[in-house]
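Visitor: with the sequence up front, the predicted model follows.
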Number of protein chains: 2
Amino acid sequence: MKARVIVTLKTGVLDPQGQAIEGSLASLGFGGVNSVRQGKVFDLEIHGTDTESARSQISAMCEKLLANTVIENYAIEISN
Amino acid sequence: MKARVIVTLKTGVLDPQGQAIEGSLASLGFGGVNSVRQGKVFDLEIHGTDTESARSQISAMCEKLLANTVIENYAIEISN
């Protein structure tokens, strides 16, 4: 089973990397970009076929390792 | 208009960061994870309402700055 985890900064948390990219886009001539926020994506391949147990296992992985839940949100997408 | 760009390593490109995460998950007791690949996500806010022109502009941003197309693929999702 394949799963994708998307980890993004919570609203209000400063994102200097995103701001740097925004500045670079502007200086490359790309106007009209109001904001850029950078996050992380993890593509996992997991044994088994039970979507619900996979989701709860991945949720535990996010809480323990993949995301810093003080400043980051995570979203889990599972595809068979 | 909001857009999300997901940048992932091409198949066959080594991902030591993903392998490190895989090892950490195993040592934390999460079995059954066959592979982990890490990528990047960019959440953009863009002026305008024309989806097609936004998509072509973001595609140009990816080619020039957001992705290294020698080793990375990118996917663009646009939501109004």
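Guide: That came in fine, so what should we check first? Numbering: from 1, shown residues only, chains lettered A, B, ... in the order given.

Visitor: could you tell me which residues of chain A lie near chain B?
Guide: Neighbours of chain B within chain A, by CB under 8 Å from any CB of the partner chain: A:6, A:8, A:18, A:21, A:24-25, A:28, A:30-48, A:57, A:60-61, A:64-66. Backbone N, C-alpha and C define where each C-beta goes, glycine included.

Visitor: try 7 Å
Guide: Proximity of chain A to chain B, by CB under 7 Å from any CB of the partner chain, involves residues A:6, A:8, A:24-25, A:28, A:30, A:32-48, A:57, A:61, A:64-65.

Visitor: B:V13 versus A:L44, what's the distance?
Guide: A:L44 is 17 Å from B:V13, where distance means CB to CB, to the nearest Å.

Visitor: please check the residues of chain A next to chain B and keep the buried ones.
Guide: For these, a burial check counting by 16 or more other CB atoms under 10 Å in any protein chain shown picks out A:6, A:8, A:25, A:30, A:33, A:36-44, A:46, A:57, A:61.

Visitor: what about these, which are in helices?
Guide: The helices, defined by DSSP state H, take in A:L25, A:Q57, A:M61 from those.

Visitor: got the contact list for the second one?
Guide: Meaning A:Q57. By CB atoms under 7 Å, 6 or more residues apart in numbering or on different chains, the contact set of A:Q57 is B:F30.

Visitor: likewise the first one?
Guide: Residues near A:L25 by CB under 7 Å, 6+ apart: A:V33, B:M61, B:L65.

Visitor: per-residue pLDDT, the closest residue to the last one other than its chain neighbours?
Guide: Leaving out its chain neighbours, the residue that sits closest to B:L65 by CB to CB, 6 or more residues apart in numbering or on different chains is A:S24, at 5.9 Å. Looking at A:S24, its pLDDT is 97.

Visitor: same question, A:T49
Guide: 85.

Visitor: I'd assumed A:M1 was in contact with it.
Guide: Yes. Because the distance of 6.2 Å satisfies CB atoms under 7 Å, A:T49 is recorded as touching A:M1.
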